[in-house]
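> requesting a structural model of the entry that follows:
(chains A and B)
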Amino acid sequence: MKYRTQRVAYWYFAVAALLFLLQVADGLIIASQYIYPDLFRDFFPFNVGRTWHLNLLVLWLVIGFMGATYYVVPEESGRELWSPRLAYLQLAILLVTGVAALTGFVAANFFPSLWLTEGREYIEAPRWADWLIVLAVLIFAVNNGWTIVKRTRPFTATVGVLTMGMIGLALMYLAGMKTFSNVTVDQFFWWWVIHLWVEGTWELIAAALMAFLMVRLTGVDREVVEKWLYVEVGLVLFTGILGTGHHYYWIGTPSYWLIIGGVFSALEPIPIMAMVVDAWRMTRVRGRPHPNPNPVSFTWAVGSVIGHFFGAAVWGFAHTLPQVNKWTHGTQVTPAHGHFAFYGAYAMLVIALTYYMVPEIKGMTARLGRRGIWAFWLISSGVVGMVLSLTIAGIVQVYMQRMAGLDFIFVKTTYMSFWFALRAIFGGVTVLGVLVYVWDLVSLGRGGREEKDG
Amino acid sequence: MTKSVLRSAFIVGTILFSLAFLALSLDSLAQVPARTNESNLTPQVAAGKRAWQAHDCIGCHTILGNGAYYAPDLTKVTVRRTPEFVAGWLKNPGGQMPNQHLTNQEVADLVAFLQWVAEIDTNNWPPAPIGVEVGAAKPPVPTAATPVPEKISATGAALFRSKGCTACHGSSGQGTSSAPSLKGVTSKYDADYLTRWLRNPSTVKPGTAMPNLPLKDEEIAALIEFLKTVR
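Just a heads-up that it's a prediction; the model follows:
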């Protein structure tokens, strides 16, 4: 850590880790409801638990990205953050809004109202929560923006791409704040938020943060990394923007999306493959002396590259062509891809950043313990197990419900329940791993204080 | 290539692809009113959509294939069942669905919304199944002990599928984790009891998970004839 104000990142990562734990604990409940539908049915039914699961996911990942940005921007700009106080205020606003919105989702089960839930997945947060989130994002933009303006060093590609991604994330959120009576128009703009987040602007944020991390961890030449960064994010957007078309096959939009969406989403794996090649090349130069030998962060970062490839590129491509998607759309194949891609591309990256930045902030010079590696293998085997279970459940569903025409509930309760049970077991392994991760972070915080004195 | 060349390529390319996407979006939105029969989007349909959101239906179901995958897709539900069936189900849901305590107005609005959704041009999604009906009820075989009026029983077999009985009782009435097996049900209960049960299950057994299906008397008779063949 070079600047004192980078410390604000610590609280962002701490909050993100706790929300992650809450997300997977909630996930275990809803995974169990697949097997025992009556579990908590009166006060915490499946729809509430699922809304929590999605919203906590977005919240902890965005808070993680923001924490990392507060760490990166001072270092890349060569000066202290403009206002650490505002950064803490922003975190408090996000946390209070998040908790209030989650409470509202539970209340909506008893008092259905659009003031408590907008009933549109991922962006259920009602209007008042939307405005509070906008306020927090504005504080974030001003705080980092002013720090960048007052920089003492030349503007770097890393900060440029990161800024572009963050602005894009905020702008796309606005597209989801308005609802339409026409459900087709509603879903049309809803995908501007969801798709152009995860296959657009979030990819920019992730690529920039990965570049920052790789320069620190491997000591690879920054010029080379940043050249590749432009190539990668360029290819991401050239394929991903029109790749939105793979969500416009069946929702009432014109049929030319079948061709445009099919072609461009078939190209979407290319930038991800480029990232794998890039990471492979960077890790080969590890012989050099580098400033922070941090095997735990490095493991998570490499895991993220691999998870991103399998989750987003392989599992995504598997059902993106319209000829296939016609049968798989709306089945368990989609959550299989969703779990794998979110974990690989974003969750693992935020954890890698946490494991790099928290020890730096805490001034720990000693090597990290083995717990972070344990957490890596536990969470990863849990998620991969869940993904494989859901994939098989999805294939069963495609054949029996979609192709053979058997009833949904009949197929779900008779032929898919084994795979749902397996998913819940692997979900338990995931929760265990996240517990180890949170425990490790807590003890890192403590260890840091002791070491600084010595 | 130098970094500045790559940066320019990135910025110019992003602007061009964004403009192409915006142009296609404008064209799509211009075509949506015709493809979704927007002239039939009455205030009642709009109210139905608000009820759909307030009750977070998408937290379990999918619509146009998007949603939670936990409960059936409802894009064509008023065609797959009937609007009357959907209304009856919403008032008194069976199976795994919790009662949403909807007012009659909300039920009518939701049915109007779902009927409007069913008419959206979805490029023929969901596709019709291509396979044979795996496990469909076998044609009834009359035996000496139970002389079966074949035609009525066949009607009953068709009703057994079209009224959605298979959803909980299984494709040939063998039972699932949601509802019991129907094997030998006609020897366990007499026709009179079964008729009362099918007319309105909750009058026979209050609080039962079995929904009240709007069935005509001759449909009930046909279903009972069919049930005699389930074993």
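
> for chain B, which residue gets nearest to chain A?
Nearest to chain A in chain B, going by CB to the nearest CB, is residue B:59, at a distance of 2.5 Å. (C-beta placed from N, C-alpha, C; glycine too.)

> list the buried residues of stretch B:114-126.
Under the neighbour-count criterion of 16 or more other CB atoms under 10 Å in any protein chain shown, stretch B:114-126 has B:114-118, B:120-123, B:125-126 buried.

> for chain B, just list every one of the strands.
Secondary structure of chain B by DSSP state E: the strands cover B:62-63, B:66-67.

> which of those sits closest to residue A:87?
Nearest of those to residue A:87, taken as CB to CB: strand B:66-67 at 35.8 Å.

> report whether that closest one contacts chain A.
Yes. Counting by CB under 8 Å from any CB of the partner chain, contacts between strand B:66-67 and chain A involve B:66-67.

> can you redo the strands of chain B as CSV with mean pLDDT and mean neighbour count?
Formatted as CSV, those follow (pLDDT from 0 to 100; neighbours: other CB atoms under 10 Å in any protein chain shown):
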stretch, mean pLDDT, mean neighbour count
strand B:62-63, 98, 22
strand B:66-67, 97, 23
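
> would you turn the ones you listed into JSON lines with distance to residue A:260?
Formatted as JSON lines, the strands of chain B follow (distance: least, CB to CB, whole Å):
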{"stretch": "strand B:62-63", "distance to residue A:260": "23"}
{"stretch": "strand B:66-67", "distance to residue A:260": "19"}
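
> please pull out the lowest mean pLDDT helix or strand from chain B.
helix B:150-162 (a mean of 79; mean pLDDT, DSSP states H and E).

> show me the contacts for residue A:349.
A:206, A:209-210, A:300-301, A:304 (CB atoms under 8 Å, 6 or more residues apart in numbering or on different chains).

> nearest residue to the middle of chain B?
residue B:77 (4.0 Å; CA atoms, centre = their mean).

> report the separation between that residue and residue B:63.
9 Å (CB to CB, to the nearest Å).

> for chain B, what spans make up the helices?
B:3-35, B:43-54, B:77-80, B:83-91, B:104-118, B:150-162, B:165-169, B:185-188, B:191-199, B:201-204, B:217-228 (DSSP state H).

> just to revisit the earlier point, now the least confident helix or strand of chain B - C-alpha only, CSV.
Written as CSV, here are the backbone C-alpha positions of helix B:150-162 (Å, rounded to 0.1, in the frame of the first residue of the first chain):
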residue,chain,number,x,y,z
GLU,B,150,-64.0,-47.7,-24.5
LYS,B,151,-64.8,-44.4,-26.0
ILE,B,152,-65.7,-42.7,-22.7
SER,B,153,-62.6,-44.0,-21.1
ALA,B,154,-60.5,-42.7,-24.0
THR,B,155,-62.1,-39.3,-23.5
GLY,B,156,-61.2,-39.6,-19.9
ALA,B,157,-57.5,-40.4,-20.7
ALA,B,158,-57.4,-37.3,-22.9
LEU,B,159,-58.9,-35.2,-20.1
PHE,B,160,-56.4,-36.6,-17.6
ARG,B,161,-53.7,-35.0,-19.7
SER,B,162,-55.4,-31.8,-20.8
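
> ok, whatever residue of the stretch 1-150 of chain A ends up closest to chain B to residue A:40 distance?
Chain B sits closest to residue A:47 of the stretch 1-150 of chain A, with a gap of 2.5 Å, by CB to the nearest CB. Residue A:47 sits 12 Å away from residue A:40, going by CB to CB.

> who has more neighbours, these two?
residue A:47 (28 against 15; other CB atoms under 10 Å in any protein chain shown).

> what packs against whichever helix or strand residue A:69 is part of?
If you go by DSSP states H and E, residue A:69 is part of helix A:46-77. For helix A:46-77, the contact count by 3 or more CB pairs under 8 Å, 6 or more residues apart in numbering or on different chains; DSSP states H and E identifies helix A:8-33, helix A:84-110, helix A:127-149, helix A:157-175, helix A:202-218, helix A:348-361 as packing neighbours.

> and the next element down the chain from the shortest one?
In this case it means helix A:348-361. The helix or strand immediately downstream of helix A:348-361 is helix A:371-397, counting by DSSP H and E.

> how far does that following helix sit from the chain's center?
16 Å (CA atoms, centre = their mean, to the nearest Å).

> can you check stretch A:163-170 too?
Using CA atoms, centre = their mean, the offset of stretch A:163-170 from its chain centre is 15 Å.

> same check, this time on stretch B:94-103
Distance, centroid of stretch B:94-103 to centroid of chain: 14 Å (CA atoms, centre = their mean).

> and the end-to-end length of it?
End-to-end distance for stretch B:94-103, by CA to CA, to the nearest Å: 17 Å.

> that one and chain A, any residue contact?
Yes. Counting by CB under 8 Å from any CB, chain A is contacted by stretch B:94-103 at B:95-96, B:98, B:100.

> how many residues are close by the closest residue to residue A:135 other than its chain neighbours?
Nearest residue to residue A:135, sequence neighbours excluded (CB to CB, 6 or more residues apart in numbering or on different chains): residue A:93, at 6.3 Å. Applying other CB under 10 Å, we find 17 residues neighbouring residue A:93.
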